[in-house]
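**Student:** show me the folded form of this:
(2 chains)
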Amino acid sequence: MTVANWTLVEVADAIRARRVTSREVVESSLTRIGEWQPRINAFAAVLADSALAAADRADAAVEAGGPLGPLHGVPLAHKDMFFRASRRSSLGSYNAPPACGAGESSLLGRLDAAGAVEIGTLNMCEFALGPTGHNAWLGDCRNPWHTDHLACGSSSGGGAAIAARLAFGGFGSDTGGSVRLPASACGVLGLKPTNGRVTLAGMMPLSPSVDVPGIFARSARDVGRLLGVVAGHDPRDPRCSRMPVPEFDAQLEPGLARVRIGVPQNYFHEGIARDVAERIAESLRALTGLGAEVVPVEVPAPEHLTELSRVLVYTEAAAIHGPWLREHAQDYSPQVRMRAATGLAIPAAAYQQAQQLRPEILRRFVAAVFAKCDVLHLPTLGIPVPTLAETDVGGSAAMWEKIAVLVRCTAPFNYLGLPALSVPCGFTDNGLPTSFQLVGRPFAEATLLRVANTYEGVTDWVRRAPAMH
Amino acid sequence: MNKIDSNAVLALARAQGHDWIDVAAAQRIAAGATAAVAAVEASLLQGEAGLLIEDSAGFQVTLEQLAEPPR
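**Tutor:** Next up, the predicted model:
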């Protein structure tokens, strides 16, 4: 097996044990990027020189025998919206407003301290506002399994790059499904942590009360390794929680005895495509075979959660982009300027109500759902991955419906702030990946990862790689 | 459900200096805003008096209060 197919934890262990050097791993990734980038456009920028220099420093540290971080020498790539003072982030845009921020990302600082090598910045939807992966300025990101199809978004490059084995993991942002959707479309794991679990300092804001950084990786153990590095209180981010951070790696013991998996009886399976439904049902049977108990669950008022989230997202996006949009409307693509401007038409009272309702709706949801189960099991995306052409609706009247279909199963959990993990579970009839989604109580990421890790033990979906056609 | 009128959106946009918003754009913005605001209204109807005395800054505290107990 080539180095590129190793998981993040496997390659970190190999570098530490001197079975491979960081330079060899980084060079392998750069070679693959050279082959794949013209086909899938997953990167906004490739940082070859600085990555090779960092790899050489990492190898020197191994030789010196000093302490090594949990990501020592491992090449990662992140959505182009985590700031460094030494460079300009594109934010997927033509001309970004100053209100989008600058400075240094605390998250990148934690990854640096853990020894990670940043190999590039990743393509994304303009200002992280779009679920498809279209981008008029950077060029569309394409799905490595079939380049006519969506990588989904808004962290489009994250799904595409990690699936194509161009990096061993990476971070995006998830405000409505923007990590879970590209992870599902491209066949890798995607975690939206609990809001407040991971710092937002130095990450481009779209909607600060809803935004959360998310993780792309190719195993549950890899996700846990990355989460363990970046989670925990950050004095630079007042929203960042002081909740204890478990040792996610250590809590991955396989086995699902006494785990209750809730299957929603309303909303989330309505309108789901036949082939997606078959893969979801197969995954549930596999989990049952591993000892989990399946329980039916009635989810309280899910039909409103996505729109409640939109009240927050569009209003906060309008607050950030409104002044710039007034003077630079031509610098936004039609769909993004239309969606950002929607916040201008939402009454302030409705925004305040959506904020005030949020804690009570969360309490009712947790009481109704997690009294009966430990995790919810549902689709990430209820349809097969569409083509770029059929979703290229710009700012036309069709955009609301297209967007609604894509985020139907993901956006509700952004309003609720709950952790959600997308886990590959096979392929639909068009040959594109599909996934189930696990949702847990607040700060229950370790439980989600344990279920996913156990599932990985009896399936090989995450080990399948797209081929270059 | 209260429908947000596209003419009102257009007037509001002009008042805020967003001259790029034309009639077609105002109609699409109105459709999106109407759906979003309707969800708020529906959620209020399902709730009881007192729901709106919540401190919205308490959302993060609520997440922590409802956290899964440590294993």
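**Student:** list the buried residues of the longest helix along chain B.
**Tutor:** As assigned by DSSP state H, the longest helix anywhere in chain B is helix B:23-46. Under the neighbour-count criterion of 16 or more other CB atoms under 10 Å in any protein chain shown, helix B:23-46 has B:25-26, B:28-40, B:42-44 buried. Every residue, glycine included, has its C-beta placed from N, CA and C.
**Student:** from residue A:210, how far off is the residue nearest to residue B:58 when sequence neighbours are not counted?
**Tutor:** Spatial nearest neighbour of residue B:58, chain neighbours left out: residue A:359 (5.3 Å); criterion: CB to CB, 6 or more residues apart in numbering or on different chains. For residue A:359, the distance to residue A:210 equals 14 Å [CB to CB, to the nearest Å].
**Student:** before we move on, the earlier item: following the longest helix of chain B, which helix or strand shows up next?
**Tutor:** Downstream of helix B:23-46, the first helix or strand assigned by DSSP states H and E is helix B:59-65.
**Student:** and for that next one, what's in contact with it?
**Tutor:** Contact with helix B:59-65 is made by A:194-196, A:209, A:239, A:241, A:243, A:355, A:358-359, A:362-363, A:417, A:442-443, as judged by CB atoms under 8 Å, 6 or more residues apart in numbering or on different chains.
**Student:** for it, the distance to its chain's centre please.
**Tutor:** In terms of CA atoms, centre = their mean, to the nearest Å, the centre of helix B:59-65 is set 21 Å apart from its chain centre.
**Student:** ok, back up a step: only the buried subset of the contacts of helix B:59-65, as a PyMOL command please.
**Tutor:** Selection of buried members from the contacts of helix B:59-65 for PyMOL, criterion 16+ other CB under 10 Å:
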select buried, chain A and resi 194+195+196+209+239+241+243+355+358+359+362+417+442+443
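**Student:** name the SS class of residue A:93, please.
**Tutor:** coil (DSSP: H, G, I helix; E, B strand; the rest coil).
**Student:** excluding sequence neighbours, find me the nearest residue to it.
**Tutor:** Nearest to residue A:93 is residue A:126, by CB to CB, 6+ apart, at 5.2 Å.
**Student:** would you mind confirming that that neighbour makes contact with residue A:140?
**Tutor:** No - contact criterion CB atoms under 8 Å: residue A:126 and residue A:140 do not qualify, at 11.5 Å.
**Student:** pull the distance from whatever helix or strand residue A:307 lives in to the chain's centre.
**Tutor:** In this structure, residue A:307 sits in helix A:305-328 according to DSSP H and E. Using CA atoms, centre = their mean, the mean C-alpha position of helix A:305-328 is found 21 Å from that of the whole chain.
**Student:** anything in that helix near chain B?
**Tutor:** Yes - among the residues of helix A:305-328, A:305-308, A:310-311, A:314, A:322, A:325-326 lie within reach of chain B under CB under 8 Å from any CB of the partner chain.
**Student:** run the chain-centre distance for the very next helix or strand once past that helix.
**Tutor:** Scanning forward in sequence from helix A:305-328 by DSSP H and E, the next helix or strand is helix A:334-342. Taking CA atoms, centre = their mean, one finds helix A:334-342 lying 22 Å from the centre of the chain it belongs to.
**Student:** tell me the average confidence for helix A:334-342?
**Tutor:** Averaging pLDDT along helix A:334-342 gives 93.
**Student:** I'd like the next helix or strand past that helix.
**Tutor:** Downstream of helix A:334-342 (by DSSP H and E), the next one is helix A:348-369.
**Student:** just want the angle from that following helix to helix A:305-328.
**Tutor:** 150 degrees (axes from the mean of the first three to the mean of the last three CA atoms, to 10 degrees).
**Student:** show residues contacting the helix or strand following helix A:348-369.
**Tutor:** The helix or strand immediately downstream of helix A:348-369 is strand A:375-379, counting by DSSP H and E. Residues outside strand A:375-379 that contact it (CB under 8 Å, 6+ apart): A:259-264, A:268-269, A:272, A:276-277, A:280, A:283-284, A:287, A:294, A:297, A:299, A:369, A:409, A:434-440, A:444, A:447-448, A:451.
**Student:** correct me, but residue A:16 touches residue A:69?
**Tutor:** No - look at residue A:16 against residue A:69 with CB under 8 Å: they stay out of range, at 9.8 Å.
**Student:** neighbour count winner among those two?
**Tutor:** Using other CB atoms under 10 Å in any protein chain shown as the criterion, residue A:16 and residue A:69 rank with residue A:69 on top: 19 against 15.
**Student:** can you pull the pLDDT of that one?
**Tutor:** Model confidence at residue A:69 (pLDDT) stands at 98.
**Student:** how close does it get to residue A:119?
**Tutor:** 16 Å.
**Student:** ditto for residue A:290
**Tutor:** Residue A:290 is 35 Å from residue A:119, by CB to CB.
**Student:** out of the residues of helix A:305-328 next to chain B, who's nearest chain B?
**Tutor:** residue A:307 (3.2 Å; CB to the nearest CB).
**Student:** does stretch A:397-409 come close to chain B?
**Tutor:** Yes - counting by CB under 8 Å from any CB, chain B has neighbours in stretch A:397-409: A:397, A:399-400.
**Student:** among these, name the ones in helices.
**Tutor:** A:399-400.
**Student:** of the residues of stretch A:397-409 next to chain B, which is the most crowded?
**Tutor:** Result: residue A:399 is most packed of the residues of stretch A:397-409 next to chain B (other CB under 10 Å), 21 neighbours.
**Student:** so what's it scoring on pLDDT?
**Tutor:** pLDDT, read off for residue A:399, is 86.
**Student:** same question, the one 3 residues further on
**Tutor:** The predicted local distance difference test score for residue A:402 is 87.
**Student:** what's the burial count for it?
**Tutor:** 17.
**Student:** what angle separates the helix or strand that contains it from helix A:334-342?
**Tutor:** Taking DSSP H and E as the criterion, residue A:402 maps to helix A:399-407. Here helix A:399-407 runs at an angle of 90 degrees relative to helix A:334-342 (the same axes, to 10 degrees).
**Student:** tell me where the stretch 151-300 of chain A has strands.
**Tutor:** Counting by DSSP state E, counting those that start in this stretch, the stretch 151-300 of chain A has strands at residues A:170-173, A:189-192, A:213-217, A:260-264, A:293-297.
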